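Asker: Pasted the sequence and its predicted model underneath.
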Amino acid sequence: MPASLEVLTALLLIFAAAKAAGELALRLRQPAVIGELLVGIVLGPSALGLVGRPGVGILAAFHGEQAAAEEGLRLALESIAELGVVLLLFYVGLETRLRDLLAVGWRAALVGTLGVLLPLFGGIALMLALGEPEIESLFIGVALVATSVGITARVLRDLGLLGLPEARIILGAAVLDDILGLLLLTIVSGLGETGHVEVTQVLGIATRALLFTVVVAGVGTWAIPRWFSLVERLRMSEAPLVIALILMLGLAVFAAQLGLAAIIGAFLAGLALADVAEDYDLERQALPLYTLLVPIFFVMTGLRVDLKAFAQPATLGLALLVTAVALVTKAVGAGLGAFGRGWRSMAVVGVGMVPRGEVGLIVATIGLAEGVVEQRLYGVVVAMSILTTLLAPPVLHWLLGPIVRTRTLQSAEVSTMTSRGEGVSHHDTAGED
């Protein structure tokens, strides 16, 4: 079988399994993302091994080098998965208005700051109490800072609740979280390599990250509604969608080059286009791409799980302890930032910031590559990232249940009034969109 056909076969298996597992999860009243993550673990090299192991064609392409072939297959699949999460956050951006984020700006900043500080100091304190060296303790603290907003965004979007104030707070806080996490990771990497930190480097990264965020969100949101109509002069098919996707990919790449997560650039691209998205039907046109690529990302996240990391009782015990600290400190820290909005709102914000997902895995990989931590703590961070990713969606789903039921009842009442001939104005229901 040719190498390209092997990759295509793997994608077929991943996509089909994702949709089947998602359907099963929904029937069990769980988020579809849980089914996708779990089926990824089952398909992965440490379980059934149906995906991730190169066949004859890929091995031949890499001249029989098993390690190189495995890395090549991994890169091919993860590149497609990365496109999936980029598209997810772009889609979330299309459904978010800058003015709505600004309306919760100070609250999002508080959530992001407390959601960074408590996990950072909680992780450091735990590792120091267990007698771990200072640099490893600092790294674990930084790993606990990470937040994968893609997981929460998927749950909120599937429930149709991206318009909630809590959703906007989480999205705004995630941008700040990513910037602070990047700066902390830069500091730890510098300490691991040279024993000291270049202050100018840290300040430079902070300045670039903040400028990028402000310019794209501010200037982009101002300019695109005024100039995007020029795409109508293009003769190419689906010109508005083409230009929107180019903007999405361009800003994702630019964000990654600045050291930020690519998904932040994609989210900001969607945010800048939000005011024209309805006029050009961008969400509907992008939906087939979303349906294909986003589930692949979550299955690939599950595929990264190495069950062997849990084989050593000591490592497993430490992983569970670190995970507990990660859950409590992030939920409490971020939740406190929403203080005054009621317990359910605080809980939604706190739990929504809990998943570490692919961001935690990236931090773990960088720490291992830079020599900051050894394999044992790498496995601990990977386990923490996966466990927080698996635990948060069902809890979030449960917390949001009453809101979903209320909206369902309201929609049923509107339908009943309409069937009886009682007028319902758009103004009456617009708040539920």
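Answerer: Ah, there it is. Numbering: from 1, shown residues only.
Asker: Contacts only, for residue 37.
Answerer: Residue 37 makes contact with 298, 299, 301, 302, 389, 390 under the criterion CB atoms under 8 Å, 6 or more residues apart in numbering. Using the backbone N, CA and C atoms, a C-beta is placed for each residue, glycine as well.
Asker: how about a cut-off of 7 Å?
Answerer: By CB atoms under 7 Å, 6 or more residues apart in numbering, residue 37 lies in contact with 298, 301, 302, 389, 390.
Asker: Tell me the buried residues in the helix or strand containing it?
Answerer: Using DSSP states H and E, residue 37 falls within helix 32-43. Buried residues in helix 32-43, counted by 16 or more other CB atoms under 10 Å: 32, 33, 34, 35, 36, 37, 38, 39, 40, 41, 42, 43.
Asker: any chance of the residues you listed in TSV, with pLDDT too?
Answerer: Below are the buried residues of helix 32-43 laid out as TSV (pLDDT from 0 to 100):
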residue	pLDDT
32	83
33	83
34	82
35	88
36	89
37	83
38	88
39	91
40	89
41	85
42	90
43	90
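Asker: out of those residues, who's nearest residue 221?
Answerer: residue 33 (29.0 Å; CB to CB).
Asker: ok, that closest one - contacts?
Answerer: Counting by CB under 7 Å, 6+ apart, residue 33 has contacts 151, 154, 155, 298, 393.
Asker: With residue 225 instead?
Answerer: Contacts of residue 225 (CB under 7 Å, 6+ apart): 275, 276.
Asker: How about the secondary structure of it?
Answerer: helix (DSSP: H, G, I helix; E, B strand; the rest coil).
Asker: so the most centrally placed residue in the chain, which of the three states?
Answerer: Geometric centre of the chain, nearest residue: residue 150, 2.4 Å, by CA atoms, centre = their mean. Here residue 150 is recorded as helix under three-state DSSP.
Asker: Look up the closest residue to it, ignoring the ones flanking it.
Answerer: residue 85 (4.9 Å; CB to CB, 6 or more residues apart in numbering).
Asker: Thought residue 262 was touching that neighbour, still the case?
Answerer: No - counting by CB atoms under 7 Å, residue 85 does not reach residue 262; the two are 8.1 Å apart.
Asker: the more surrounded of the two?
Answerer: Higher neighbour count among residue 85 and residue 262: residue 85, with 29 against 21, using other CB atoms under 10 Å.
Asker: any idea which element the more buried one lies in?
Answerer: Assigned by DSSP H and E, residue 85 belongs to helix 66-94.
Asker: following that helix, which helix or strand comes up?
Answerer: helix 98-103.
Asker: Using CSV, list the CA coordinates for that following helix.
Answerer: Extracted in CSV, the C-alpha atoms of helix 98-103 (Å, rounded to 0.1, in the frame of the first residue of the first chain):
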residue,chain,number,x,y,z
LEU,A,98,-15.2,42.3,20.1
ARG,A,99,-17.7,44.6,21.9
ASP,A,100,-18.9,41.6,23.8
LEU,A,101,-15.4,40.6,24.9
LEU,A,102,-14.7,44.2,25.9
ALA,A,103,-17.9,44.2,28.0
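Asker: Now tell me what touches it from outside.
Answerer: Identification of contacts with helix 98-103 by CB under 7 Å, 6+ apart yields 168, 171, 172, 217, 221, 271.
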